[in-house]
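Asker: here are the coordinates; sequence isn't available:
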């Protein structure tokens, strides 16, 4: 990571130097390049002021190309931006960071903050996704939302088969839920129901365990898992992803918990990696602790950058 940050710093320095370049670049047909200030360009000759040679008049027939200081700066900037677009926050992973801050000040004062991070990597034999999010909201009555989640899923892919195996886990913190923190882990088998160049739909089934801390039910709960994941590349700069998980308590089949999400990403600037992300997360628990709502929904609209 340090190597990538150093590269990024070098690129910024290159841009600064290029922006202040004062010399033009004249490449001769014999391969030599003269870095000098062009004084005059005529039909047959070009006059330059060279820092060592002084004023020199060149025959245009001997000149191959001429790149002005402005053109040189633009070329350096374009090259630097191209290299910067290859910057990876985590080497080998495609990742993004999105932040949204909103508020109002009038009859009531509100403040909202959303921070979302995700990363993914894929090979012929496996696929891994990691996501993290933090949501905070405050109004005149005090804090109204304070929650965080971190999740990961790893798929083992079998070449030439629609079947795959997986493991996944998630850690949740929520100030206003029936638990203080919750950890869930599961594993099982999946099936690629639909596989196209721009669309996929995967089904999952398995089992695992959920452990809550700070709730009325703090014993480990074995559960069955049913899930699905969807991805659609709408266009080169637009993508829709969605996923859902259904957890069934093995000891009490009527105790159900679900978690679903939908994300729409619009790539605003491909070279800079700037994106707009709209999403919704919905969670449902059939038997929460007293005083806790069964359903919880979070919406967000954020601006971010790909790494």
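Answerer: Happy to help now that I have it. All values reported here derive from a predicted model rather than from experimental measurement.

Asker: Between its first and last residues, how far does stretch 55-71 reach?
Answerer: Terminal residues of stretch 55-71 lie 22 Å apart, using C-alpha to C-alpha, to the nearest Å.

Asker: now swap in stretch 251-260 and tell me
Answerer: Stretch 251-260 has an end-to-end distance of 23 Å (C-alpha to C-alpha).

Asker: cool, and stretch 157-167?
Answerer: Chord length of stretch 157-167, first to last residue, is 12 Å (C-alpha to C-alpha).

Asker: where does the stretch 101-250 of the chain have low pLDDT?
Answerer: For the stretch 101-250 of the chain, applying pLDDT under 70 flags the ranges 102-110.

Asker: burial of residue 114, as a residue count?
Answerer: Neighbourhood size, residue 114 [other C-beta atoms under 10 Å]: 22. Bear in mind the C-beta positions are built from the backbone N, C-alpha and C, glycine included.

Asker: Going along the chain, name the helices of the stretch 51-200 of the chain.
Answerer: Applying DSSP state H, counting those that start in this stretch to the stretch 51-200 of the chain gives helices spanning 69-84.

Asker: Show me where it has its strands.
Answerer: With DSSP state E, counting those that start in this stretch, the ranges of strands along the stretch 51-200 of the chain come out as 54-59, 63-67, 94-105, 109-122, 126-139, 142-157, 163-174, 181-195, 199-213.

Asker: Which residue comes closest to the residue nearest the centre of the chain once chain neighbours are left out?
Answerer: Centroid-nearest residue in the chain, with C-alpha atoms, centre = their mean: residue 96, separated by 1.6 Å. Among residues not flanking residue 96 along the chain, residue 306 sits closest, at 4.8 Å (C-beta to C-beta, 6 or more residues apart in numbering).

Asker: gap between stretch 168-176 and the chain center?
Answerer: Relative to its chain's centre, stretch 168-176 lies at 21 Å (C-alpha atoms, centre = their mean, to the nearest Å).

Asker: now stretch 298-305
Answerer: Worked out by C-alpha atoms, centre = their mean, stretch 298-305 lies 11 Å from the chain centre.

Asker: Same question for stretch 150-161.
Answerer: That offset, for stretch 150-161, works out to 19 Å (C-alpha atoms, centre = their mean).

Asker: Could you do stretch 125-133 as well?
Answerer: Counting by C-alpha atoms, centre = their mean, stretch 125-133 is centred 12 Å from the centre of its parent chain.

Asker: Same check on stretch 32-42?
Answerer: Distance of stretch 32-42 from the chain centroid (C-alpha atoms, centre = their mean) equals 45 Å.

Asker: Any buried residues in it, and which?
Answerer: Residues of stretch 32-42 classed as buried by neighbour count (16 or more other C-beta atoms under 10 Å): 34, 35, 36, 38.

Asker: before we move on, the earlier item: now do the residue nearest to residue 96 against residue 177, distance only.
Answerer: Going from residue 306 to residue 177 by C-beta to C-beta, to the nearest Å gives 31 Å.

Asker: Tell me the pLDDT of the residue nearest to the centre of the chain.
Answerer: On pLDDT, residue 96 comes in at 93.

Asker: Skipping adjacent residues, who's closest to residue 202 in space?
Answerer: residue 229 (4.7 Å).

Asker: ok but the one you found is inside a strand, no?
Answerer: Yes: with DSSP: H, G, I helix; E, B strand; the rest coil as the criterion, residue 229 is part of a strand.

Asker: Pairing partners for it in the sheet, please.
Answerer: Per DSSP bridges, the residues bridged to residue 229 are residue 202, residue 243.

Asker: got the contact list for it?
Answerer: Applying C-beta atoms under 8 Å, 6 or more residues apart in numbering to residue 229 gives the contacts 200, 201, 202, 204, 241, 242, 243.

Asker: show me what contacts the last one?
Answerer: Applying C-beta under 8 Å, 6+ apart, we find residue 243 in contact with 227, 228, 229, 230, 260, 261.

Asker: would you list the strands of the stretch 51-200 of the chain in a markdown table and tack on distance to residue 254?
Answerer: Listed next are the strands of the stretch 51-200 of the chain as a markdown table, based on distance: least, C-beta to C-beta, whole Å:
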| stretch | distance to residue 254 |
| --- | --- |
| strand 54-59 | 89 |
| strand 63-67 | 74 |
| strand 94-105 | 37 |
| strand 109-122 | 33 |
| strand 126-139 | 29 |
| strand 142-157 | 25 |
| strand 163-174 | 22 |
| strand 181-195 | 19 |
| strand 199-213 | 16 |
